[in-house]
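> using only what follows, build the 3D model:
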Amino acid sequence: SGDATSRPIIRKWSVEDLNERLSHTNRRIDMKRGEALFSDLGCFRCHRTAGRGGILGPDLTGVGRRFSVRDLLEAIIEPNRVISDQYRATIFTLADGKRITGHIADLHRDEWSVITDMSQPRNYTKIAKNQIDDMQPSPVSMMPSGLIDTLTEEEITDLLGYLRSDHTAR
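Alright, predicted model coming up:
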């Protein structure tokens, strides 16, 4: 428990490797630890389960009924592979040449509030609308990659078990 950023990297997990390992495990899932990991890794900042958590990323309530273990591993390990337009970031090029990438949180007539760091969703970068030269969809997901590289195989099993359980259902 504690801050996920202070955890050491265990290994660079791949979808193939984990999918293979997890499909052959019959370890009992520790739901409490799965939920604690979901919290410690900062998932609740952007994602909701059963009415708890953030709204910047997709709602993960009942995700286990919609997606396989492999689908979930791909979404976590390779977040740039498929990015929903609903959650895609925008790259703003400003008149002075500066580039800012983020998720539009609030549109005012003269100034837009943009979230540039998903780990700090209330920390807005203000962009004056008249300073925007160009806007393009970002090819990079706002979801950080490498999130589970600090977890052991057992912890990943618990995290996915929690995500796929009815504990995340309403």
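> and stretch 61-80, what's its mean pLDDT?
Mean per-residue pLDDT for stretch 61-80: 92.
> please identify the buried residues of the longest strand along the chain?
The longest strand of the chain (DSSP state E) is strand 99-107. Buried residues in strand 99-107, defined by neighbour count with 16 or more other CB atoms under 10 Å: I100, G102, H103. Just so you know, the C-beta spots here come from the backbone N, C-alpha and C atoms, and that holds for glycine as well.
> for the last one, which residues make a bridge with it?
Counting by DSSP bridges, H103 is bridged to I115.
> how far away is it from E154?
33 Å (CB to CB, to the nearest Å).
> do Y124 as well
38 Å.
> OK, contacts around T125?
For T125, the contacting residues are I100, G102, S113, V114, I115, T116, by CB atoms under 8 Å, 6 or more residues apart in numbering.
> name the element it belongs to?
Using DSSP states H and E, T125 sits within strand 124-128.
> ok, back up a step: now, which of the buried residues of strand 99-107 sits nearest Q136?
I100 (11.7 Å; CB to CB).
> pretty sure the closest one contacts F92?
Yes - here I100 reaches F92: they are 4.7 Å apart, a contact under CB atoms under 8 Å.
> what do these two both touch?
In contact with both I100 and F92: V114, I127, using CB under 8 Å, 6+ apart.
> neighbours around P58, how many?
15 (other CB atoms under 10 Å).
> that one reaches T49, doesn't it?
No - look at P58 against T49 with CB under 8 Å: they stay out of range, at 10.7 Å.
> the top helix by length along the chain - what's its average pLDDT?
In the chain, with assignment by DSSP state H, the single longest helix is helix 153-164. On average, the pLDDT along helix 153-164 is 94.
> residues touching it, excluding its own?
13, 18, 21-22, 25, 27, 29-31, 33-35, 37-38, 41, 49, 60, 63-64, 69, 72-73, 148, 151, 168.
> so where's the protein shaky on pLDDT?
1-5, 167-170 (pLDDT under 70).
> all strands for it, in order.
Under DSSP E, the chain gives strands at 48-49, 52-53, 90-94, 99-107, 111-115, 124-128, 132-137.
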